[in-house]
Structure formats: C-alpha cells, structure tokens
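Q: Provided below are the primary sequence and the corresponding predicted coordinates.
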Amino acid sequence: MTLSTRVDVAIRGVRTAAPLQRRGGAGPSDDGHLRLDGRGAALPLDPSSPYLVRDGRLWREDGCGAGPTTGPEGAGLPEPVLTDTGVEVEEVARPAFYDLRTASGVPYEHLARVHGDGVLATTVVQTCIRYAQDQRCRFCSIEESLRAGLTTAVKRPEELAEVAEAAVRLDGVRQLVMTTGTSAGRDRGARHVARCVRAVKAAVPDLPVQVQVEPPEDLSALAELRAAGADSLGVHVESLDDDVRRAWMPGKATVSLDRYRAAWAEGVRLFGRNQVSTYLLVGLGEDPDELVAGAAELAASGVYPFVVPFRPMAGTLAVEVDGARAPDPAVLADVTARVAADLVARGMRGADQRAGCAACGGCSALAEAGA
C-alpha cells in the first residue's frame with residue numbers, strides 16, 4: 001500500500017460495517033479496526049467516504065458524493081467509477097472475551113477493549129482532573145463513555161488481570177496498553193497504573209505492556225512503573241508549540257514542556273531508547289516544518305514521535321463547539337514522510353517497541369513510510 005493511499009484513507013475514512021469499533025474515549029481516534037494488507041489500521045467509518053470495502057479489497061469510488069445515480073433525483077448523472085486500490089482488507093473480529101463478565105457482573109468489555117489488531121487497551125481511571133470545559137483537551141472525550149455506562153470509573157488490578165488472561169487465551173491478544181485520566185496526586189495516577197501492571201504481569205507474565213501517563217511531578221513514579229513490569233512508556237504531549245497547546249489543551253498546557261522533557265529523559269533511562277513514545281497530532285495548527293524539526297529532536301533523544309492526524313471525534317469540544325476538521329491529506333503525507341525518513345536514518349521503528357501505540361501503528365501512516 002502506498003503512503004498516499006494510507007494517508008488518504010486515514011483522513012477520509014472508509015465505508016464498511018466493521019465488527020470491531022471504538023467510539024469515544026480519550027482520543028484522538030474514533031474508528032473501526034481493519035487489517036490493510038495484513039497490517040492493523042484504525043480508520044474512520046464514514047458513509048460519505050470515497051473508499052469502500054468490497055470482496056475483501058479496498059476500492060475508491062470516483063464521483064462519490066455526487067448524489068444518487070438512479071431514480072428521479074439521480075436522473076442523468078453518470079455512474080460512479082470504482083477503482084481497485086490493490087489493497088487487501090480483513091475485518092478484525094469481535095473478541096470472544098467480550099461475552100464474559102466478572103464474578104460481580106461487570107462485562108469484560110467495560111474493563112478493557114481490543115484496539116486494532118491484537119492490542120488490548122484499558123483506561124484504568126476514566127475521569128480526569130482536566131475535564132472541566134475550560135481545561136479539557138478539545139480532542140478528548142474520556143468521560144463520555146463513562147457517562148454512557150460503557151465502562152467503569154476505576155478498574156481494579158485483579159479485574160484487569162482476569163480480563164487480560166482471558167483476552168490472551170481466547171483471542172490471542174499480543175500486547176496491552178494502559179492509560180489513565182490524570183489524577184490530582186503528585187504521581188498523576190501512575191501508581192495505580194503500576195498496581196494494575198503488577199497484577200496483569202502476575203497473571204500473564206509474557207504479555208508486553210505499555211503504560212501512558214502525564215509527566216508526574218515525582219519522577220520516581222516512572223521507576224515504579226518499570227519495576228512493576230511495564231515494558232514501554234507513552235508520555236503524550238500532542239504538540240510542541242505552546243500556543244497550540246494553550247488553545248487545544250489548556251489544562252495540560254500548564255505542564256511545561258521542560259517537565260515533559262524531564263519525563264522523556266527519565267523514561268529513556270529506565271525503559272531504553274525507542275521504548276518511549278509521544279503523540280504528535282497533525283492538524284492542530286502547528287507549523288509543519290516546526291513539527292518535523294521537533295520530531296527529529298525527540299528521536300535524537302531516544303523518544304519515538306508517533307505522528308497521527310487529528311480526527312474529529314463525536315462528543316469532543318473540537319467537534320461540538322469548534323467544528324474542527326481533519327488536516328489536509330497532502331500536509332499529513334508530507335509531515336509523515338519527512339518524520340519517517342528521519343526515523344529510518346536513526347534506525348527507529350514503531351514495530352521495534354515492545355508494546356503500545358507505535359508498536360501497533362494503526363492510527364498512523366509512519367509504518368507505510370518505513371518507520
């Protein structure tokens with residue numbers, strides 16, 4: 001699959017009835033999960049997309065959106081032209097463990113869900129101190145799934161261990177991602193994540209785990225995560241431009257970039273080069289050249305810059321208030337290609353991470369560019 005096709009479908013989405021979908025949550029995606037040429041992909045499900053899945057392949061419909069082609073409203077309009085992109089598509093099946101419940105009656109899928117191909121993910125605390133409207137990240141809807149009754153506020157370590165064991169045994173899950181809403185403590189929630197990691201590792205010792213936390217005020221919390229058995233670390237900044245951060249992430253913007261850099265440096269010391277990652281979102285208004293330069297600085301320090309498009313997600317302020325749109329595919333392709341070239345030159349690939357978003361790669365086109 002070409003980079004241009006992968007980028008285009010990441011922005012424009014696809015028409016299909018994916019049996020495995022993600023709706024709401026911490027962001028930045030709200031997608032269906034597929035395999036494109038054997039590689040996991042998280043894609044927007046959009047009935048107006050020019051891309052559709054038919055007979056196990058990805059097709060592009062030229063003329064899509066022109067309206068009906070038959071009947072009174074479509075009289076005289078040309079039939080759309082379907083072009084085979086050459087990309088094979090497989091649906092990611094609904095996991096078998098979703099049918100199970102804990103002894104107390106909690107559905108397993110309210111505790112953890114499959115994201116992408118073989119990736120189990122959980123938000124161990126589904127609330128965030130930064131969720132007031134004047135503090136919230138505008139692309140995030142972490143508490144909406146809780147309000148909808150689709151998850152629990154706090155996941156207990158023993159519950160996650162039970163679910164992880166079942167997901168590995170029944171569905172062949174190969175890695176686990178643990179994230180959390182930010183808490184008021186100096187550890188910013190990291191110590192509860194560490195308790196959850198320890199319980200999961202006791203149940204399924206060989207399951208790689210990535211943990212994702214905001215930079216803790218007390219950096220020793222990162223060492224506790226490593227000691228608990230976490231294999232890789234995500235500390236997500238989303239943008240390296242302070243003006244963009246204040247506009248899009250007013251609460252998180254109060255955490256200085258210097259604190260992020262300190263957390264990344266400590267993470268690399270503890271977890272190793274290319275086992276720490278951060279999201280960089282394309283489409284928030286950051287200058288593309290500055291974004292690419294910032295990504296290169298991160299990579300030079302051993303941190304993998306996971307470049308992902310901003311995607312409008314239902315329930316977020318970006319959509320409900322701002323009416324924000326996804327970035328231009330051409331801009332995303334350019335940024336992705338340049339960041340990937342730098343990563344390739346440094347010998348850094350997302351697939352070499354033990355677990356996590358970069359290891360999965362489903363939300364990004366970096367893998368198609370060799371990174």
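A: Received it, and whenever you're ready, just let me know what you need.
Q: Scan the protein for its longest strand.
A: In the chain, taking DSSP state E as the definition, the longest strand is strand 81-91.
Q: could you dump that one to PDB, C-alpha only?
A: Output of strand 81-91 as PDB, limited to C-alpha atoms (Å, rounded to 0.1, in the frame of the first residue of the first chain):
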ATOM      1  CA  VAL A  81     -16.300   4.600 -11.300                       C
ATOM      2  CA  LEU A  82     -14.800   2.100  -9.000                       C
ATOM      3  CA  THR A  83     -11.100   1.700  -8.900                       C
ATOM      4  CA  ASP A  84      -9.400  -1.200  -7.100                       C
ATOM      5  CA  THR A  85      -6.600   0.200  -5.000                       C
ATOM      6  CA  GLY A  86      -4.900  -3.200  -4.800                       C
ATOM      7  CA  VAL A  87      -5.100  -3.200  -1.000                       C
ATOM      8  CA  GLU A  88      -6.500  -6.400   0.700                       C
ATOM      9  CA  VAL A  89      -8.800  -5.800   3.600                       C
ATOM     10  CA  GLU A  90      -9.700  -8.000   6.500                       C
ATOM     11  CA  GLU A  91     -12.100  -7.200   9.300                       C
END
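Q: Direction included, what does the helix or strand just after that strand pair up with?
A: Going down the chain from strand 81-91, the next helix or strand is strand 113-114, by DSSP states H and E. According to DSSP bridges, strand 113-114 forms sheet pairs with strand 119-123 (antiparallel).
Q: Please compute how far the strand it pairs with lies from its chain's middle.
A: Taking C-alpha atoms, centre = their mean, to the nearest Å, one finds the center of strand 119-123 at 10 Å from the center of the full chain.
Q: Which is the succeeding secondary structure element to that strand?
A: Scanning onward from strand 119-123 (DSSP H and E), the first element met is helix 144-147.
Q: is it true that G315 touches E144?
A: Yes. Between G315 and E144 there is a contact at 4.3 Å, judged by C-beta atoms under 8 Å. The way it works is simple: take the backbone N, C-alpha and C, and place the C-beta from them, glycine included.
Q: one step back: what residues does the longest strand of the chain touch?
A: Strand 81-91 is contacted by residues 1, 5, 16, 18-20, 34-38, 51, 53-54, 56-63 when judged by C-beta atoms under 8 Å, 6 or more residues apart in numbering.
Q: In strands only, show me those.
A: L34, R35, L36, Y51, V53, R54, R57, L58, W59, R60, E61, D62.
Q: what about stretch 177-184, start to end distance?
A: 22 Å (C-alpha to C-alpha, to the nearest Å).
Q: tell me the average confidence for that stretch?
A: The average pLDDT within stretch 177-184 is 96.
Q: quick one on the thing from earlier: any buried residues in the longest strand of the chain, and which?
A: Residues of strand 81-91 classed as buried by neighbour count (16 or more other C-beta atoms under 10 Å): T85, V87, V89, E91.
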